[in-house]
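Participant: any chance you could fold what I've pasted below:
(3 chains)
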Amino acid sequence: MTAEATAVTVRERRPAGFSLADNERWLWPAMLAPAILYIVLLVGFPFFLSLYYSLTDVTVGGRELHFVGLKNFEEIINSNTFWLALRNSVILTVISQACVLILANILAQALSANFPGKWFVRFLILLPWVAPIALGSIGWLWIFDSIYSVINWTGRAIGVLGPNDWPIWLGEPKLAMASIIIVQVWRILPLATVIILAGLSSIPQDIHDAAAVDGAGMWRRYFEITAPLIRPITLVALLFGIVFTFTDMIVVFVLTRGGPYDQTQVLASWAYFTGIQGGDLAGGAAISLFLFPVLAAVAILFLRLARRTEVL
Amino acid sequence: MTPFTTRVENAAKTTGHAAILAIFVIFLAFPFAWMVITTFKTTQDLHNTANNPYLFNDPPTLTHLKTLFEDTTFLQWLANTAAVGAVVVIVTLILAIPAGYALSRMTGTVAQTLAVGIFLTYLVPPTILFIPFARIIATLGLQDTLWSLMLVYPSFTVPFSTWLLMGFFKSIPRDLEDAAMIDGLSRFDAFMKVVMPISAAGILTAIIFTFTLVTQEFVYGVTFITASANYTVSVGVPTFLVRGDVYFWGSMMGACLIASIPVAIVYNFFVDRFVAGLTGGAVK
Amino acid sequence: MATVEARAIHKEFGDVHAVDGIDLLAKEGEFLVLLGPSGCGKTTLMRMIAGLERPTAGDIIIGGEVVTHLPPRARNIAMVFQSYALYPHLTVERNISFPLRAAGMPREQIKAKVEWAARMFGIQRFLDRKPRQLSGGERQRVALARAVVREPVVFLLDEPLSNLDAKLRNSARDELKQLQRGLGTTMIYVTHDQAEAMGLGDRIAVLNQGRIYQIGTPQEIYRAPANVFTATFIGSPPMNLIEEGSGYIGFRPEDFLPRDIEANGNSVTFPFRVTRIEYLGAERLVYGVIEGRSPETHAISRIPTMLRTEIAAGQVYDFNVREQDIARFDRATGNSLNGSGR
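Facilitator: All right, here's what the predicted structure looks like:
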């Protein structure tokens, strides 16, 4: 080998066509910008507009609007309907999601085994979640009908309901609340189940085998091994369920229109009736803003959860 | 523990398992079975309280479906929904594919924060935004048009699809793009020519879910649209098929079925990806 | 301690015969290795012994009791998985104590046992940590501690060393063997690594395609392979196999040496054209072609470095194999034609 040292001139070469497409510092923002812009304009902007409107006297078609400070909020807090709607929203969400939590865990366990026809069973189970909420609710409207309810007919036929029992599901306030809860459980259960099922399948089979060899029976295996391992994802399912139920107006709108006499009104549906049907946009905005604290709490919980389980 | 007791235990488990599944399936699927029965029952039969509602006491009829298609604007609603769906899908893909890909390849906390932020906007419900939107749409003169829906729907389909696609692109090994770049492609070209062609599954998933979200939407639809010809299916059925106090149950149930089942069948194929998207790919 | 017997075991998955009629007896206190390539059925067989799979036909007998239809927890066995299968949400201490808690043991006793097991593997200082905070080797020890703590009658180990670094694997192997000697418990060990099998097993069962091809001590398997599969699977580099008439003859690379070393009578000589030499420190591997045969027959010779014969690539040398080191196999069945007594 020769020990000749060759001086090499070093030139900086910029290939033709080096452009935005290579420069990641500019490429990523460029690819992200349209989506982010859209979201900011169509989510961020209306949201702040809502805040603004709640402090005015704006109506849907009105020309002008005037700043009125916190008057809308005062009116709301002083009205009985608000407290009723708030109470209903909370009760509805808490009860329905508690039911969903328990039922989804049971159903997910049942679905985690392989059995013939599983594909079809899963299809049937998903139907309430996939069907448009309004249409599923209409189905239940017919099932809960005051004269033709199939539940009542069946109840009477199998002897559960006596000759003088004929529950008016959507007419009596407590029953109406129960009906709404049933429908919310019905439509959220598939989503929660499928999420928890995914969590179950992420547990390596080895862990179950080890627990079996270690002498754990079915219950111990579930409570000491399975349940703790799916806790993060169960929480995800719960948070989604809470958001979707607390902010929903459709089920109430279709089943009871908030009646009888506003007894089943929830915040979201009341916001609709006030703001859109009633024209008082500012009032509607103010009402709907009371949904935000729950949303914010859920978002924060999500973030904490994500960080802790290194999801993201 | 003997072989006999094990066998008994296993038999009990299987029966219990089947029973539990049966109860849940009945609870979840019964309303749809009921829709099917109602669609094909004569009105007399439906309104005769003496009859057993589970049986076809008169022979099944297609009258309600005929009424649905001929006497209502149901077909128009289907067309409207399809049109809105198509446009929103296209808009969503154009925005979400690049964004999802960028987020999947970027490193650093900024990218992570953005990703989570985008996903969280999916949680902002229409029932907060529909109030200001009512006035925005009116101001823009889009009141009562399908354009209003086409404009607003991406506000929730884009965040969700971006998140979904991000998870999907993350699962494609970077090696492929690295090899392409060594072979002479730019980053962007590597994306277009190497990654996109093998992303059919993920993109199809995003399409299905975007379309499903469109068909399910009700709040904006009922807020922006008043003329019956412009309804989407989800809005039209609950609001229009009621004349005063009379509910056309047969036609309504038929409409519900037609608008739900086909979408559900397609959806069923993609559920696993949907869940992976929703849970951020934490569950593989 | 107990014997473990698999009697006429079959396991079918649809059309696939994963285990195709196996009779196996692990003696009391024995370290028995199930060796074979991927897909040979060794893991399936072990899972049936553990009770994690149900045999399609046949019986499993542990300690004289037929356990075929009993669940794992009724068999008094312990298993170490390839992935260790540690419970990720539990501390090391709770991982180890899990089987004892499942058995309803009183708390004081559990504490004592956990300490005993932890001390045996030197992991006392990890008791409060979670598995994800431990290295691979440390996790393996926890898995072993969890198995040992129950004092089972048989240990089942499914490739427990395959996830360790090569360096760690050797010392872990040594410790495992010492452990088994010390406890005296029957151990059934699954691996695809023939060196590991040779080093650990009192006896080795060579499996392929769901059947046992040979069972014997490492010496028996190495020097007297019963068939072509066993002959070529054991040993690295593998046995040289040459077509000869109606069968094969085989000889190990270390028995295939230049004639000037191996000069006594009763040998067979082959003209060997050397193509490549690998210098491995303690030995040389000489790759080449045995001349005058068609199709072209490759062979490998293994010369210890202390034999300093000069070998150069491209040259032809006479290489010898002693008659007593030649194995003969029938071409049709692959079985050995050698008599006993080698």
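
Participant: how about the residues of chain A near chain C?
Facilitator: By CB under 8 Å from any CB of the partner chain, the part of chain A that sits against chain C consists of A:204, A:206-207, A:209-217, A:220, A:224-225, A:228-229. C-betas here are computed from N, CA, C, even on glycine.

Participant: whichever of those count as buried, I'd like them selected in ChimeraX; how would that read?
Facilitator: To isolate the buried subset of the residues of chain A next to chain C in ChimeraX, counting by 16 or more other CB atoms under 10 Å in any protein chain shown, use the following:
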select /A:206,207,209,210,211,212,213,214,215,216,220,224,225,229
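
Participant: chain center to stretch B:36-54, what's the gap?
Facilitator: Taking CA atoms, centre = their mean, to the nearest Å, one finds the center of stretch B:36-54 at 30 Å from the center of the full chain.

Participant: just the buried positions in that stretch, please.
Facilitator: Neighbour count says stretch B:36-54 has B:Ile37, B:Thr38, B:Thr39, B:Phe40, B:Lys41, B:Thr42, B:Thr43, B:Asp45, B:Leu46, B:Asn51, B:Pro53 buried, by 16+ other CB under 10 Å.

Participant: got it, and stretch B:187-197?
Facilitator: B:Arg187, B:Phe188, B:Ala190, B:Phe191, B:Val194, B:Val195.

Participant: quick check, nearest of these to C:Asp59?
Facilitator: Within the buried residues of stretch B:187-197, distances to C:Asp59 taken as CB to CB reach their minimum at B:Val195, with 54.4 Å.

Participant: hang on, the earlier thing: ok, which pair from the buried residues of stretch B:36-54 is furthest apart?
Facilitator: B:Thr39 and B:Asn51 (16.5 Å).

Participant: mean confidence score for the helix or strand where A:Leu84 lies?
Facilitator: A:Leu84 belongs to helix A:80-112 when assigned by DSSP states H and E. Helix A:80-112 shows an average pLDDT of 94 in the prediction.

Participant: please, which helix or strand holds B:Thr212?
Facilitator: In this assignment (DSSP H and E), B:Thr212 forms part of helix B:200-216.

Participant: mind exporting the helix or strand that comes right after that helix as CSV, just the C-alpha atoms?
Facilitator: Next helix or strand after helix B:200-216 toward the C-terminus (DSSP H and E): helix B:219-224. Only the C-alpha atoms of helix B:219-224 are listed here, as CSV (Å, rounded to 0.1, in the frame of the first residue of the first chain):
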residue,chain,number,x,y,z
VAL,B,219,-77.3,17.3,14.7
TYR,B,220,-75.8,19.4,12.0
GLY,B,221,-78.3,17.9,9.5
VAL,B,222,-81.4,18.9,11.5
THR,B,223,-79.9,22.3,12.3
PHE,B,224,-78.9,23.4,8.8
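
Participant: contacts for the helix or strand following helix B:219-224?
Facilitator: For helix B:219-224, the following helix or strand on the C-terminal side (DSSP H and E) is helix B:233-240. By CB atoms under 8 Å, 6 or more residues apart in numbering or on different chains, the list of residues contacting helix B:233-240 from outside reads A:132-135, A:137-138, A:253-254, B:72-74, B:77-78, B:80-81, B:215-218, B:221-222, B:225, B:228, B:231, B:252, B:255-256, B:259.

Participant: secondary structure class for the nearest residue to C:Leu35 once chain neighbours are set aside?
Facilitator: Distances taken as CB to CB, 6 or more residues apart in numbering or on different chains place C:Ala197 nearest to C:Leu35, at 4.2 Å, with adjacent residues excluded. Put simply, C:Ala197 is helix when judged by DSSP: H, G, I helix; E, B strand; the rest coil.
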